[in-house]
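Colleague: got a sequence here, can you model it:
(one chain, ligands or ions: 2)
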Amino acid sequence: MCFQETFDPRICCRYKEGILPYYRFKQELLSVTPFVTLFYDVITDKEIDALMQVARDKVQFLTGDPRQFVSFGPNVRENILGIKGGWREIANYGIGGQYGLHWDFLAEALKEEVRNHEASLYGGDRLATFLIYLTDVERGGSTVFNKLGLAVSPVKKMALFWYNAKPSGELDYTTQHAGCPVVVGHKWVSNKWMWNYGNTFTRRCGLTPDATQLDIELYMRKGWV
Ligand SMILES: O=C(O)CCC(=O)C(=O)O
Ligand SMILES: [Fe+2]
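Modeller: Ligands and ions are numbered 1, 2, ... in the order given. Model (predicted):
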């Protein structure tokens, strides 16, 4: 990275103040536009065990949906950026388990139906995604952003956060991503989507249509430290 010709000084690691007093989150910025970032140690072993315990009986392996909705968990630490989340989804991938290329916003999948879709009526669309890795994965299982050339290997307790919409509110099609097949081991993740509604005043828009997340970060809740 250090020897790349197009070195971007904005891409860095730092401590981020969240909504918990005194606590600093270890943050690694992966991309400014779209805004994609990692936070380390957002969940405890005890919380992971509890989440997996609840989900374990409910996820349907092999033939069914490997996902399960669970409402409790480290909600406060998921609001690091002041963006409020919706319900939680726990997913388990066994060997070969993967999630094909997609966007997290519903507008793309549902097109014209989106206005009548129950979730979108209540939530708008999925403004941001907060994906926590509940396990390390021996080999495979990366989350990849094909349009950004970005691959994130799962690290237990690490969260991957990104905005699916630009600060202007426009859907960001460069956020297309996939969960790569698990080659060795297994992968558990907790996913929470942050919806537009409820975040009207927490995710600000920029002063210009092309303002980046970093431009607006300073006047959003809790700046860098
Ligand atoms: O498991 C992953 O790495 C990605 C999951 C994902 O993109 C999703 O649940 O929307
Ligand atoms: Fe996704």
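
Colleague: does Leu131 really touch Ala159, like I thought?
Modeller: Yes. Using C-beta atoms under 8 Å, Leu131 is in contact with Ala159, at 6.5 Å. Backbone N, C-alpha and C define where each C-beta goes, glycine included.

Colleague: neighbour count for the two, which is higher?
Modeller: For Leu131 and Ala159, the more surrounded residue by other C-beta atoms under 10 Å is Ala159, and the numbers stand at 26 against 22.

Colleague: quick one, what contacts that one?
Modeller: 38-40, 42-43, 78, 130-133 (C-beta atoms under 8 Å, 6 or more residues apart in numbering).

Colleague: now Gly100
Modeller: Ala178.

Colleague: is it located within a strand, as I assumed?
Modeller: Yes. According to DSSP: H, G, I helix; E, B strand; the rest coil, the state of Gly100 is that of a strand.

Colleague: any idea of the pLDDT on it?
Modeller: Looking at Gly100, its pLDDT reads 91.

Colleague: now do Gly82
Modeller: pLDDT, Gly82: 74.

Colleague: isn't it up against Arg204?
Modeller: No. With contact defined as C-beta under 8 Å, Gly82 does not count as touching Arg204 (10.1 Å).

Colleague: tell me which of those two has more neighbours.
Modeller: Comparing Gly82 with Arg204 by other C-beta under 10 Å, the one with more neighbours is Arg204, at 18 against 14.

Colleague: does that one count as helix, strand or coil?
Modeller: Arg204, by the three-state scheme (three-state DSSP), is coil.

Colleague: and this structure, which residues reach ligand 1?
Modeller: For the chain, the residues in contact with ligand 1 (C-beta under 6 Å from any ligand atom) are 99, 104, 143, 177, 179, 189, 191.
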